[in-house]
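K.L.:
With the sequence up front, the predicted model follows.
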Protein chains: 2
Amino acid sequence: MLENLFAKRINKNIPSRLQGLFPETNFPDNISFGGGCPDEKSFPARELVNAYQEAIINEKEHSFQYHDVKGPERLREFLADRAQKKMGIANVTSEDVMLTAGGQQGIELVAKLFLEAGDKMAVEVPCYVGALAAFDVYEPDYYEIPMEDDGVNLDCLEATLKAHPDIKLFYTVPDFHNPTGITMSLEKRQRLVELANKYNFVILEDTPYRDLRYHGESLPSIKSFDTEGRVIFLSSFSKILSPAYRLGWLVASPEIKAELTKLKLAEDLEVPYIPSATVDNYIAHHDLDAHIEGLKKIYRQKLDKMDQALHAYLPADAKISHPEGGFFFWIELGDDANTSQLLLEEAIPNEHLIYVPSASFYPDRDHVNGLRVNFTGSSLAEIDEGCRRLGRLLNVDSLMQVAI
Amino acid sequence: MLENLFAKRINKNIPSRLQGLFPETNFPDNISFGGGCPDEKSFPARELVNAYQEAIINEKEHSFQYHDVKGPERLREFLADRAQKKMGIANVTSEDVMLTAGGQQGIELVAKLFLEAGDKMAVEVPCYVGALAAFDVYEPDYYEIPMEDDGVNLDCLEATLKAHPDIKLFYTVPDFHNPTGITMSLEKRQRLVELANKYNFVILEDTPYRDLRYHGESLPSIKSFDTEGRVIFLSSFSKILSPAYRLGWLVASPEIKAELTKLKLAEDLEVPYIPSATVDNYIAHHDLDAHIEGLKKIYRQKLDKMDQALHAYLPADAKISHPEGGFFFWIELGDDANTSQLLLEEAIPNEHLIYVPSASFYPDRDHVNGLRVNFTGSSLAEIDEGCRRLGRLLNVDSLMQVAI
């Protein structure tokens, strides 16, 4: 009855992309390749509890008080140093680093800063569903740029920019792309910045998986080639330490960071002390990179196991991606496949298996023959068994299509 | 250089309302009546640390994992029960309760749900600055309804509604209003709901101070009179337990709560487990109302002290509010006073005193002869000394005006 009072964006059913993305199931033998969850056993639980206790001891009652929108100085110094040494970004100081409520808030604030209804932006397709959900609310016109094996197709992006020179924003996950697992080549990183300079747009470089490379060599960030302050580098502690602290961070030019900070103030007032100080204390007393090396050992095994299992169990015509890091494999099936329908009608009820169907990763939900599977959140045995179930599903499905 | 790419809302300098609201000062004898901070000594620190430990012990490694957008069921059951017993709201279940990242996120999500550029909304003036900051981003046309001693002027509101029947949303802090400290009368609460039904708008009832009444009798919430699901009841743990957990909550009709939940998903994905489970465990093992009674004892003394000190030290023509609860006194000076200028040019540099000038609380920042002072965050001695300094400022100011 009150829908007539909602903003237009709501009545277009815009914000529903993340709703019901991970259907609840009660099967005791359920296997979920759905969410992008880290391995729970990898969390340094004891060390994080100690870091919490230190946070409380340091500030005593003040721990439980309001704090400020900037967050711990020492943590921002650490991140500024990391941005320089690990990401190749020159001249970063703690003042250039902004802390956010997870990477998700970073994406949402950038959307709020740049987009209003009808503004043009380009996205990789497929594209991280949470980013689309954040952009959706501000009703941009999306221009879809397809992925290639070495990253987004820049010829296609340039042709699109020529036709639509008022495109303002390009969103990319250059390292172990969500959902395809693809990494953008060095040449493309450089050319992308050149395009941004030439066609006057801003790049949001989202890198939650960047540190999690299991094979091959790391590449400099896109931001490291930025000459005009056009690249916003976004990262997060969610995948390399724990998602529980809702702690993301970004590096942006002073003018952009100043506006994002004002927008954050209006959303949630501050960077809460306890979670940010916990992460800060953890990092002060432990070698984060040594922890990440441990993660990589675990995840490399899982990636290799899923790679092997997918090739062993899936029908020969399934196109399976070759990620060198990150959290996901991407699988493309024949044109007549419908992975949304398959999930609800067969995968969940018959095989007790969850994945994310490709429709979620396209602005118009119009690609239904792909799916994303996560390998970090399951055990090696679950990975094998889940892929066996997926293979059974897809083989039966292939057989039925033949039969029909 | 990149400002040309920002959304129009940004270039109107809209989101700057909270920026620099509390100027940093380094004077060792600084007294701040600025922020709405609880008394730090009132936080049940030991109990909250125990509640944290229980949260970690209960879920072990899973504590550090992603969770969901709903948050703890037991906590939402407690709040549903509280909404019925303490707020007089009938038939509330845990499904009607939504947890938010502080009350601030609740306000921001409601703004996002209802407002787009040019939509009409009514606000009390003066109005909580953080709410204006959240609304500002969505560029509503504000209709300003003045406060009276028993709450907002409803004759004025009705006249405004007659002239502008497309007003969609009305924001109110009915209990110990921020900034004036005024409480809305029972009659006005009832009539406000009748107006909402008659003129088809939604009420956002923001009640962070509701439980903190130091004199007089509590009144039923506006939501308790709601017959058509038009009232969104918003509250928070920030003032009655601790702001550190960034935990607000709201009760809304199913259709409104469903949309707010989708919008929250796109902003920050989830209610984080550790802070929400900490508050949940604290409440399960302690009597929250007994804790609030303790707070009221402390804050009643502080309110009485500030009341006495303001009347003792301020010039006779200063109009001082008479709050029966909450966090703030509101002071109105003569028409030629400029409290924004006074703060920066005299209060901070000469008296080492911070308050919030009235301009912040008006949509157009066009009322400059008032100020808000907080009494909960300072000690009794600081309250006395701060009021003495404020009196000195205002008396000198009065003298100078006479001299001129």
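P.N.:
Now that the structure is in, tell me what you want to look at. Numbering: from 1, shown residues only, chains lettered A, B, ... in the order given.
K.L.:
so where is chain A shaky, pLDDT-wise?
P.N.:
Residue ranges of chain A with pLDDT under 70: A:13, A:15, A:397-404.
K.L.:
domains for it, by residue range?
P.N.:
Using automatic domain parsing, the domains assigned to chain A come out as A:2-43+A:290-403, A:45-287.
K.L.:
Looking at those, spot the one closest to B:N26.
P.N.:
domain A:45-287 (15.1 Å; C-beta to C-beta). Yep, even glycine has a C-beta here, placed from its N, CA and C like the rest.
K.L.:
follow-up on the earlier one: using JSON lines, lay out the domains of chain A together with distance to B:T93 and mean neighbour count.
P.N.:
Converted to JSON lines, the domains of chain A look like this (distance: least, C-beta to C-beta, whole Å; neighbours: other C-beta atoms under 10 Å in any protein chain shown):
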{"stretch": "domain A:2-43+A:290-403", "distance to B:T93": "19", "mean neighbour count": "18"}
{"stretch": "domain A:45-287", "distance to B:T93": "27", "mean neighbour count": "21"}
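K.L.:
Now render these as a markdown table, adding distance to chain B.
P.N.:
Formatted as a markdown table, the domains of chain A follow (distance: least, C-beta to the nearest C-beta, whole Å):
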| stretch | distance to chain B |
| --- | --- |
| domain A:2-43+A:290-403 | 4 |
| domain A:45-287 | 4 |
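K.L.:
and of those domains, who's closest to B:K188?
P.N.:
Nearest to B:K188, of all the domains of chain A, is domain A:2-43+A:290-403, at 22.1 Å by C-beta to C-beta.
K.L.:
is it possible to export the domains of chain A to CSV including distance to B:K85?
P.N.:
Below are those laid out as CSV (distance: least, C-beta to C-beta, whole Å):
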stretch, distance to B:K85
domain A:2-43+A:290-403, 27
domain A:45-287, 26
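K.L.:
Quick check: which of these is nearest to B:K305?
P.N.:
Judging these by C-beta to C-beta, what sits closest to B:K305 is domain A:45-287, at 20.8 Å.
K.L.:
starting at the chain centroid, how far to that closest one?
P.N.:
Offset of domain A:45-287 from its chain centre (C-alpha atoms, centre = their mean, to the nearest Å): 10 Å.
K.L.:
And that domain, end to end?
P.N.:
In domain A:45-287, first residue to last residue: 15 Å (C-alpha to C-alpha, to the nearest Å).
K.L.:
that older thread, relative to B:P357, which of the domains of chain A is closest?
P.N.:
The closest of these to B:P357 is domain A:45-287. By C-beta to C-beta, the value is 17.7 Å.
K.L.:
A:D206 contacts A:F170, correct?
P.N.:
No - the criterion here is C-beta atoms under 8 Å, and A:D206 misses it with A:F170 at 11.1 Å.
K.L.:
Which residue, other than its chain neighbours, is closest to A:R17?
P.N.:
Closest residue in space to A:R17, ignoring its immediate chain neighbours: A:A133 at 4.2 Å, by C-beta to C-beta, 6 or more residues apart in numbering or on different chains.
K.L.:
got the contact list for the one you found?
P.N.:
If you count contacts by C-beta atoms under 8 Å, 6 or more residues apart in numbering or on different chains, A:A133 has them with A:P15, A:R17, A:L18, B:L265, B:A266.
K.L.:
between those, which is closest to A:A159?
P.N.:
A:R17 (27.3 Å).
K.L.:
Let me see the backbone angles for the closest one.
P.N.:
With angles defined as degrees, to the nearest 10, A:R17 sits at phi -60, psi -30.
K.L.:
That one contacts A:V129, correct?
P.N.:
Yes - if you go by C-beta under 8 Å, A:R17 and A:V129 touch, sitting 6.0 Å apart.
K.L.:
got any residues that touch both of these two?
P.N.:
Common neighbours of A:R17 and A:V129, using C-beta under 8 Å, 6+ apart, are A:S360.
K.L.:
tell me what the helix or strand hosting A:N50 is packed against?
P.N.:
Using DSSP states H and E, A:N50 maps to helix A:45-59. Secondary-structure packing of helix A:45-59 (3 or more C-beta pairs under 8 Å, 6 or more residues apart in numbering or on different chains; DSSP states H and E): helix A:273-285, helix B:45-59.
K.L.:
okay, the ones you listed in JSON lines with distance to A:P28 next?
P.N.:
Shown next, in JSON lines, are these (distance: least, C-beta to C-beta, whole Å):
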{"stretch": "helix A:273-285", "distance to A:P28": "33"}
{"stretch": "helix B:45-59", "distance to A:P28": "19"}
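K.L.:
Any idea which of the ones you listed gets closest to A:I56?
P.N.:
With C-beta to C-beta, the closest approach to A:I56 among the helices and strands packed on helix A:45-59 belongs to helix B:45-59: 6.1 Å.
K.L.:
following the closest one, which helix or strand shows up next?
P.N.:
helix B:73-85.
K.L.:
and the next element down the chain from that following helix?
P.N.:
For helix B:73-85, the following helix or strand on the C-terminal side (DSSP H and E) is strand B:97-101.
K.L.:
Can you tell me the element the nearest residue to A:I320 once chain neighbours are set aside falls in?
P.N.:
Of all residues not flanking A:I320 in the chain, A:L310 sits nearest, at 5.1 Å (C-beta to C-beta, 6+ apart). Here A:L310, judged by DSSP H and E, is contained in helix A:288-313.
K.L.:
Please name every helix or strand in contact with that helix.
P.N.:
Looks like helix A:288-313 contacts strand A:319-320, strand A:328-332, helix A:380-403 (3+ C-beta pairs under 8 Å, 6+ apart).
K.L.:
Who does the second one pair with, and is each partner parallel or antiparallel?
P.N.:
Partner strands for strand A:328-332, per DSSP bridges, with pairing direction: strand A:319-320 (antiparallel), strand A:370-374 (antiparallel).
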